[in-house]
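Visitor: build the 3D model from these lines:
(2 chains)
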Amino acid sequence: MAEVILENICKTYGNNFRAIDQLNLSVEDGEFLILVGPSGCGKSTALRMIAGLEDITSGSLRIGGVDVVDMPPKDRDIAMVFQSYALYPHMTVSENIAFSMRLAGKPKAERKKRVDEIAKTLQLTSLLDSKPANLSGGQRQRVAMGRAMVREPAAFLMDEPLSNLDAKLRVQMRAEITSLQKQLGVTTIYVTHDQIEAMTMGDRVAVLKGGVLQQVDTPKRLYESPVNAFVAGFIGSPSMNLFEATLTGDELMSGTFAIRLQDAAFVRRPGLRSYAGRKVVFGIRPEDLYDSSLESGRKYQTIPAKVTSIEELGSEQIVHLNIDAVRVDSGDPDAVDDFGLASNAVARFEPISAVHSGSEIRVAVDDAKFHFFDPETHLAI
Amino acid sequence: MTRQKRSHHRLKRAVAPYLYLSPSLLIIGLLMLLPMVTVIGYSFQNSAVLRRDPSFAGLKHYQAIFADPVFWASLWHTLYFTCMSVVFHMTIGMVFALMLNSDRINPTLRNILRVLYILPWLFTAVIIAVIWRLLLEPNGVVNSVLMQMGIIGSKVEWFSSPETALHAVTFANIWAGYPLFMVSLLAGLQGIPKDFYEAADIDGAKAYQKLIFITIPQLMPIIISISLLDFIWTMQVFPLIWITTGGGPIYSTEVLSTYTYKLAFSSYNLSQASASAVVILLISLGLTLFYIRYQKAR
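Guide: Residues are numbered from 1 along each chain as shown, chains lettered A, B, ... in the order given. Take a look at the predicted model:
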């Protein structure tokens, strides 16, 4: 077990494309850190650099206090779980798990003992003689975990290990990996593009965009206090609604409506006053918008909106709305424009809400939950 | 729909696939099955083809062949020629495919090598035979290079000496045939996921361990399929040997195909030639069945 420290890590490819720019990250001993970001943000590159599968252009990388920049992958004392699992199809489960021990020339009896122990932990005992082709997705995933565990590494590196599983199995494996990590206590760096995995699994989450680290924090703090509009939009599903508005006195003016901000908003963000008379970006999460006709929405100010479509989920309704405000792009390249221009906001209503597609409604907004960002830099105010 | 109409419709549906197949079945029957059956028939006749009313000979021609020491020599030469060819085709094909797939070789050089290595495949057997006859002539390039390097003391008559002729034709055939393996294995290599090697790197595998534990097992289906095909094809090679040595000197490069050809068109013993052809057919058939069973097992 060990801490992993990245200092000013850069990765530049031959065509001068900078995949990682000055990455500083410190992963504590036994910590579960998630690297998350949209496609092409450099998260897999960062992981592969830690593994030694990609060269580091500049910067320093220490695993367990040892500088490993010039070390080959095998000497870094890490184990990796690949997105494809990379299980050898011609080997049985047992041979796959024992492969690294076989390479190291460990005696057969020792190999068998260790494989049996791991198989027991991962509930693979009955499958040890099967070939990967005869296993389900979840079982293959566990074999890949077993192959990583057998080496008793200082750190686990996992590259989107759940992305090949169906949604239900993914939820189950999420819990399995998290509890296994806690049980083993091995430092783990886990790459994903799925922010739900990021929020549910990690002790801390590092958000990357365009090769630049945006924020490293606990999932809760990342959700409640994003440092910029990108993190605000990326973390949370559906994404935070971001709009442009003008701050006039203590009122937020946008299109045909105005929302009066409480003093607390200015007390918490002293910088907000300086935006008086200027444009500001405000964000509100879908769960902080309410159907004003319901009990939950009665205590808040309301704004007019038109319902464009509804996704009925049983436990809640995802309501797509059009409100009279200019939507702001968070900068997430993976985000899809909501039905073109028909809707510009998403709300999460209770299942009893009776709104229907096409209706003009009033949406209640909890202004205490507003997030504010600079319209130029997109940094949080 | 009446009952009659329905049964007519059913009949049409049942017959349709055979109608679609009939042109190819007819062509195969005429061009392959008919000659094969005819040759089998000839092998049981006396003076087949030569006489209008040949008499039944029973197994006489087969006995004659099995009693002929040249037949056994041909069979041995065929096996040597085929086994050596397949083994070296595979080894050279594998080495070149690994080279062409390696990241360590400069991409431009790799493209040039790819063209160079595939060249032998572009030549017909006749051209290959002519090239090697010229190269291996007593006054040819090979002798002069080997003499200059001090490997041989005097000029070797590669195709004309009974000691070297079989090795020389085998060598020419190896040169002509490795590209099939190279191309097939290269395609196989490119299909092996990169993750396998990266996972092995992390596990501490050395280059030779990656070759033994990952590359070769992954290529095994291709290696077995192509080897069996190559075995079947090489067993039947005729033009290369016919043009380079004609089976000589003193039967030293006689293989089953040249042996059969000579029986038919030098001795005009078409019945015995047919018996010899049937023996080749049976050997090929055995290998083909083995190949089909292997393919099915996969």
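Visitor: for the chain, what's the longest helix?
Guide: Reading this off chain A. When chain A is parsed with DSSP state H, its longest helix is helix A:167-184.
Visitor: try again with chain B
Guide: Across chain B, the longest stretch assigned as helix under DSSP H is helix B:69-101.
Visitor: give me the local confidence score for A:Lys306.
Guide: Looking at A:Lys306, its pLDDT stands at 91.
Visitor: could you give the bridge partners of it?
Guide: For A:Lys306, the beta-bridge partners are A:Asn322, A:Glu360 (DSSP bridges).
Visitor: which SS class is residue 49?
Guide: The chain I'm using is chain A. helix (DSSP: H, G, I helix; E, B strand; the rest coil).
Visitor: ah, I was thinking of chain B
Guide: Recorded secondary structure, B:Val49: coil (three-state DSSP).
Visitor: likewise for the one 3 residues further on?
Guide: Assigned by three-state DSSP, the conformation of B:Arg52 is coil.
Visitor: how about stretch B:121-130 as PDB, C-alpha atoms only?
Guide: Output of stretch B:121-130 as PDB, limited to C-alpha atoms (Å, rounded to 0.1, in the frame of the first residue of the first chain):
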ATOM      1  CA  TRP B 121       3.800 -14.500 -54.100                       C
ATOM      2  CA  LEU B 122       3.300 -12.400 -57.200                       C
ATOM      3  CA  PHE B 123       5.300 -14.800 -59.400                       C
ATOM      4  CA  THR B 124       3.800 -17.900 -61.100                       C
ATOM      5  CA  ALA B 125       5.500 -21.300 -60.500                       C
ATOM      6  CA  VAL B 126       7.100 -21.100 -63.900                       C
ATOM      7  CA  ILE B 127       8.800 -17.800 -63.200                       C
ATOM      8  CA  ILE B 128      10.000 -19.000 -59.800                       C
ATOM      9  CA  ALA B 129      11.400 -22.100 -61.400                       C
ATOM     10  CA  VAL B 130      13.200 -20.100 -64.000                       C
END
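Visitor: residues contacting that stretch, please?
Guide: Stretch B:121-130 is contacted by residues B:120, B:131, B:172, B:175-176, B:179-180, B:183, B:237, B:239-240, B:242-244 when judged by CB atoms under 8 Å, 6 or more residues apart in numbering or on different chains. For every residue, glycine as well, the C-beta is placed using N, CA and C.
Visitor: okay if I get those residues as CSV plus pLDDT?
Guide: What follows is the contacts of stretch B:121-130, written out as CSV (pLDDT from 0 to 100):
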residue, pLDDT
B:Pro120, 84
B:Ile131, 88
B:Ala172, 89
B:Trp175, 90
B:Ala176, 88
B:Pro179, 90
B:Leu180, 90
B:Val183, 92
B:Val237, 86
B:Pro239, 86
B:Leu240, 87
B:Trp242, 89
B:Ile243, 87
B:Thr244, 85
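Visitor: domains of chain A?
Guide: Annotated domains of chain A cover A:4-234, A:241-373 [automatic domain parsing].
Visitor: could you pull out the helices for the stretch 51-200 of chain A?
Guide: A:93-103, A:108-121, A:137-149, A:167-184, A:195-201 (DSSP state H, counting those that start in this stretch).
Visitor: okay, the ones you listed in TSV with mean pLDDT and distance to B:Arg6 next?
Guide: Shown next, in TSV, are the helices of the stretch 51-200 of chain A (pLDDT from 0 to 100; distance: least, CB to CB, whole Å):
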stretch	mean pLDDT	distance to B:Arg6
helix A:93-103	92	54
helix A:108-121	90	60
helix A:137-149	89	47
helix A:167-184	87	47
helix A:195-201	88	58
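Visitor: of the ones you listed, which is nearest chain B?
Guide: Closest approach to chain B among those (CB to the nearest CB): helix A:93-103, 3.8 Å.
Visitor: could you identify the most distant pair in the contacts of stretch B:121-130?
Guide: Pairwise distances across the contacts of stretch B:121-130 peak at 26.6 Å for B:Val183 and B:Trp242 (criterion: CB to CB).
Visitor: could you check the angle helix B:69-101 makes with the following helix or strand past the longest helix of chain B?
Guide: Sequence-wise, the next helix or strand downstream of helix B:69-101 (DSSP states H and E) is helix B:107-122. With axes from the mean of the first three to the mean of the last three CA atoms, to 10 degrees applied, the angle from helix B:107-122 to helix B:69-101 works out at 160 degrees.
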